[in-house]
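> Here is my input; please provide its structure:
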Amino acid sequence: MLVEEIMKTDVITCPEDESIYYALQLMKNHKIRHLPIVNKNEELVGMIAERNIKDALPSSFQKLTDETFFSKPVTQFMVTDLITGHRLDFVEDLAAMLYEHKIGCIPIVQQKRVIGLVTETDMLYTLVQLTGADQPSSVVEVKVENKAGTLASVAHLISEENVNITSVLVYPNHHFKRLVIRVQTMDPTTIIKKLEEKGFSVVWPSFPGIAE
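Okay, here's the model as predicted:
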């Protein structure tokens with residue numbers, strides 16, 4: 001899946017010559033936590049988040065009415081060492097960047113201009129959709145040997161029960177893999193029995209009378 005399929009395109013930006021107060025009002029009015037800062041040519045020059053402001057906020061200046069702090073320019077608090085993405089990047093690559101760098105948002109840039117934003121919330125929602133967790137279904141977890149063709153064999157057995165597979169996650173190991181398969185049925189009992197009969201080890205769910 002490409003970034004352009006999940007990124008928000010109605011991006012709210014803040015001019016670099018505005019104040020912290022102005023930036024906070026933008027965040028409040030549009031219910032956002034991350035704000036790209038742009039120059040007069042609409043080019044991205046920095047990012048500011050609520051936590052940047054909170055971290056810089058002196059304990060004695062807790063009210064928005066304090067002009068000493070809130071009249072300061074956004075350039076004084078924005079982050080300029082930015083990690084950006086491209087609309088044709090893969091979603092999983094950006095997810096890894098969010099995790100690795102412990103950031104909550106990645107601006108998507110084209111010719112130095114912001115054309116989209118991807119947040120950690122967007123990533124979480126995309127994961128929910130990709131795994132099919134938002135649909136009525138069941139999860140079957142199978143421990144298999146780490147060799148070619150095993151996933152195809154498991155999928156074939158499930159298809160023989162006329163049950164669709166919503167998603168498959170593979171957790172690798174040196175000697176085996178765990179296949180976490182989401183199937184479109186609320187009762188996977190017959191699938192589990194069939195897999196066990198063919199010698200596969202079903203880790204989850206485990207029902208009485210079915211070997212683990």
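
> Every contact and neighbour count from this point should use C-alpha atoms.
Noted.

> Go ahead and list the helix or strand containing L98.
Using DSSP states H and E, L98 sits in helix 91-101.

> Quick one: list the elements packing against that helix.
When contacts are defined as 3 or more Cα pairs under 8 Å, 6 or more residues apart in numbering; DSSP states H and E, helix 91-101 packs onto strand 105-110, helix 120-131.

> Show me which residues of the lowest-mean-pLDDT helix or strand in the chain are buried.
Across the helices and strands of the chain, mean confidence by mean pLDDT, DSSP states H and E is lowest for helix 67-70: a mean of 75. Of the residues in helix 67-70, F69, F70 count as buried by neighbour count, 16 or more other Cα atoms under 10 Å.

> ok, residues contacting stretch 105-115?
Counting by Cα atoms under 8 Å, 6 or more residues apart in numbering, stretch 105-115 makes contact with 7, 9, 11, 34, 36, 42-44, 83-87, 94, 98, 116-120, all of which sit outside it.

> Show only the entries of these found in strands.
Judged by DSSP state E, these include H34, P36, L44, G116, L117, V118, T119 as members of strands.

> In CSV: these, plus pLDDT, distance to N146 and neighbour count.
As requested, the ones in strands among the contacts of stretch 105-115 are exported to CSV (pLDDT from 0 to 100; distance: Cα to Cα, whole Å; neighbours: other Cα atoms under 10 Å):
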residue, pLDDT, distance to N146, neighbour count
H34, 94, 42, 23
P36, 97, 45, 24
L44, 98, 46, 26
G116, 97, 39, 22
L117, 97, 38, 26
V118, 96, 34, 24
T119, 93, 34, 20
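
> Max pairwise distance over those: which two?
The two members of the ones in strands among the contacts of stretch 105-115 with the most space between them (Cα to Cα) are L44 and T119, at 16.8 Å.

> Next one, pLDDT for the residue nearest the centre of the chain please.
Central residue of the chain (Cα atoms, centre = their mean): M123, 1.6 Å from the mean position. Predicted confidence (pLDDT) for M123: 92.

> now it, nearest residue through space, not along the chain?
In this structure, M123 finds its nearest non-sequential neighbour in A95, 6.6 Å apart by Cα to Cα, 6 or more residues apart in numbering.

> Now do the contacts for the closest residue to E18 other than its chain neighbours.
Using Cα to Cα, 6+ apart and skipping the chain neighbours, the partner closest in space to E18 is P73 (5.7 Å). Applying Cα under 8 Å, 6+ apart to P73 gives the contacts E16, D17, E18, S19, I20.

> ok, now with 7 Å
Residues near P73 by Cα atoms under 7 Å, 6 or more residues apart in numbering: D17, E18, S19, I20.

> Tell me the bridge partners for it.
S19 (DSSP bridges).

> what about it, distance to V11?
Note on P73: its distance to V11, by Cα to Cα, to the nearest Å, is 21 Å.

> try E92
Distance from E92 to V11, by Cα to Cα: 22 Å.

> dump the residue contacts of E196.
Here E196 is in contact with V202 (Cα under 7 Å, 6+ apart).

> between the helices and strands packed on helix 91-101, which gets nearest to G149?
Ranking those by distance to G149, with Cα to Cα as the measure, places helix 120-131 first at 21.6 Å.
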